[in-house]
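Enquirer: My questions are about this predicted structure, shown below with the sequence.
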Amino acid sequence: MRSISLVFLILMILISGCSGHNPNKERSIPMMRYDFNEPFRFPFEVNEVRTEISIDDPYELHQYVFHYKNKQTKQEISYILSKVIDEPEKVSEQGKQPIELENGKQAYYKEDETSQSIWWKSENGFLARFIYYINGYHIQLGNYKLDESDLIDLANQVQ
């Protein structure tokens with residue numbers, strides 16, 4: 001019985017050593033460090049802040065999301081920075097109104113019944129945008145609609 005256990009152990013060592021895994025063939029992408037400016041002045045009281053780093057596929061898309069929320073009114077602004085690896089980001093201009101930021105950058109404003117947003121090309125090839133909504137896009141903005149200048153101010157703060 002002891003010899004069978006010893007043979008089994010040796011067999012397991014040989015099998016694990018011959019798995020064919022070659023670490024030199026793996027593609028390595030270094031994680032880049034980015035410093036993003038965050039807004040400090042909001043058009044409503046913010047009492048909950050959280051941040052997400054979403055890198056579902058490190059070879060394709062990196063996304064950083066900052067959430068600023070008022071828990072009582074359910075108002076929320078998401079600051080999203082996304083970057084497609086090895087491709088310059090482009091802002092889709094369709095359905096958006098062009099706006100110029102303080103630093104001369106071109107931005108685009110869009111609104112519908114449940115959200116307002118401002119989009120622009122940010123530093124290091126990122127597509128940046130602020131999106132304002134209430135209760136996860138489930139409530140029409142109505143009286144809670146922001147002035148367009150509020151979103152422009154947010155974008156100017158992070159430039």
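Expert: The structure has been received and is ready for your questions.

Enquirer: low pLDDT regions in the chain?
Expert: 1-32, 88-89 (pLDDT under 70).

Enquirer: please redo it, this time with the cut-off set to 90
Expert: Within the chain, the stretches with pLDDT under 90 are 1-35, 53-63, 83-95, 122-126, 138, 159.

Enquirer: Mind jotting down where the strands sit in this structure?
Expert: Taking DSSP state E as the test, the strands found in the chain are 48-57, 61-69, 75-84, 97-100, 106-111, 115-121, 127-134.

Enquirer: Pull the residues that contact the third one.
Expert: When you say that, I think you mean strand 75-84. Outside strand 75-84, the residues that touch it by CB atoms under 8 Å, 6 or more residues apart in numbering are 34, 36, 38-39, 42, 44, 46, 60-70, 89, 122, 124-134, 136, 144, 154, 158. C-beta coordinates here come from the backbone N, C-alpha and C atoms, glycine included.

Enquirer: now for stretch 132-140, what's the gap between its first and last residues?
Expert: End-to-end distance of stretch 132-140 (CA to CA, to the nearest Å): 11 Å.
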